[in-house]
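Enquirer: here's my sequence, what's the structure:
(one chain, ligands or ions: 1)
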Amino acid sequence: MPAISASAPGKTILFGEHAVVYGFPAIAVPLPDISLTVIVQALPNQNSIHIVNTDLKEDFLIEEIEKQNPYNSALEVIRKFLKIDHLPAMRITLSSNIPLASGLGSSAAFAVAISKSVTSFLGFRLSLEDLNCIAYEIEKRQHGTPSGIDNTVICYQKPVFFLKDQPVEFINPSKPMTLILANSGIQSLTREAVEQVREKRDRERDLVDDIFYRIGSIANNARPLIEDGDLESIGKLMLENHQLLKELELSLDILDDLVEASMKTGAYGAKLCGSGNGGNVVALVPPEKSDMIKEVLIKKGAYSCLVSTVAPSKGGM
Ligand code: MEV
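Expert: You can find the predicted model right below:
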């Protein structure tokens with residue numbers, strides 16, 4: 001059996017994180033400049049699944065790890081979806097340059113890439129819809145109550161306008177959008193941030209629901225601006241969204257500093273992205289200023305910066 005390889009990109013959320021978990025709209029885009037790759041190879045004459053993670057220097061057999069481990073639970077979801085009794089011996093090798101626990105979709109990229117590679121290794125040709133369904137189940141096992149936006153944007157690899165439990169809608173930006181992802185270097189777990197927001201909502205329901213409503217309205221208003229290529233107005237909405245995430249107590253000084261420094265250096269807008277409490281700031285910038293803004297953000301304390309451009313799709317949607 002030939003080795004099968006599948007890659008999945010990172011993602012960033014331009015509008016609507018957290019509120020999306022409660023049914024409000026959100027907008028996310030894939031980041032093709034970072035990706036996670038899974039290679040699956042047959043292991044003839046063996047009877048176990050061998051996992052190798054080249055970045056984390058992990059190398060073990062599946063029965064050596066606990067059931068809740070991401071590899072075990074992902075393979076269990078895949079096995080159940082395919083309705084097969086057991087998975088054959090294989091070597092699964094993973095490598096990635098998506099920073100872990102940083103709001104750029106590392107866990108959803110894992111879910112999508114392992115689903116694609118293992119199902120295809122087993123001879124199944126699944127639709128993107130089915131792959132997304134498997135990836136969402138894997139995400140649920142890791143994060144509890146994810147909205148599904150991360151696996152969806154990564155699975156379809158197109159900008160999405162996303163509403164939980166609704167058919168996915170794609171957005172086609174009419175102008176390229178140059179983004180800088182400035183990594184605070186602080187890792188944060190989505191499950192914990194979602195739980196923190198849930199607890200805040202339990203204590204202050206009206207306040208939090210009002211913030212969610214305003215975040216949802218921003219995402220709704222942003223969609224036509226992205227389709228029209230109105231970068232200045234998109235930027236203003238990103239800043240408003242950041243302010244609301246701050247009110248949800250998801251920002252940190254370093255994230256606010258990176259947002260402020262981006263704005264002072266000529267970004268159209270900037271905000272924290274993903275679950276918050278660390279991770280990345282995403283700034284929408286004029287392409288000719290991206291090098292300068294990147295330099296300033298590194299001086300302000302960003303651990304690293306990635307520049308990525310969301311291009312209009314050639315054939316439309
Ligand atoms: C995490 O990338 C985005 C959150 O809204 C969680 C989710 O949508 O599942 C914080």
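
Enquirer: which pLDDT value goes with the most centrally placed residue in the chain?
Expert: For the chain, the residue nearest the mean C-alpha position is residue 105 (2.7 Å; Cα atoms, centre = their mean). As predicted, residue 105 sits at a pLDDT of 97.

Enquirer: can you pull the contacts of it?
Expert: Shown in contact with residue 105 (Cβ atoms under 8 Å, 6 or more residues apart in numbering): 9-12, 31, 98, 150, 153-154, 274. For glycine as for every other residue, the C-beta is placed from the backbone atoms N, C-alpha and C.

Enquirer: also near the ligand: which of the residues you listed, exactly?
Expert: The subset of the contacts of residue 105 within reach of the ligand, by Cβ under 6 Å from any ligand atom, is 150, 274.

Enquirer: can you pick the most crowded of the contacts of residue 105?
Expert: residue 150 (32 neighbours; other Cβ atoms under 10 Å).

Enquirer: need the three-state assignment for the residue of the chain most remote from its centre.
Expert: Distance from the centre of the chain peaks at residue 45, with 37.8 Å (Cα atoms, centre = their mean). Under DSSP: H, G, I helix; E, B strand; the rest coil, residue 45 falls in the coil class.

Enquirer: circling back to that earlier point, what helix or strand is the nearest residue to the residue nearest to the centre of the chain once chain neighbours are set aside on?
Expert: Excluding its sequence neighbours, the residue lying closest to residue 105 (Cβ to Cβ, 6 or more residues apart in numbering) is residue 11, at 3.8 Å. Assigned by DSSP states H and E, residue 11 falls within strand 4-15.

Enquirer: look up how far residue 242 lies from the residue lying closest to residue 215 once chain neighbours are set aside.
Expert: The shortest distance from residue 215 to any non-neighbouring residue, by Cβ to Cβ, 6+ apart, is to residue 19 (3.9 Å). Separation of residue 19 from residue 242 (Cβ to Cβ, to the nearest Å) stands at 13 Å.

Enquirer: the one helix or strand residue 222 maps to vs strand 4-15, what angle?
Expert: Counting by DSSP H and E, the element that carries residue 222 is helix 205-228. Helix 205-228 and strand 4-15 are oriented at 110 degrees to each other (axes from the mean of the first three to the mean of the last three Cα atoms, to 10 degrees).
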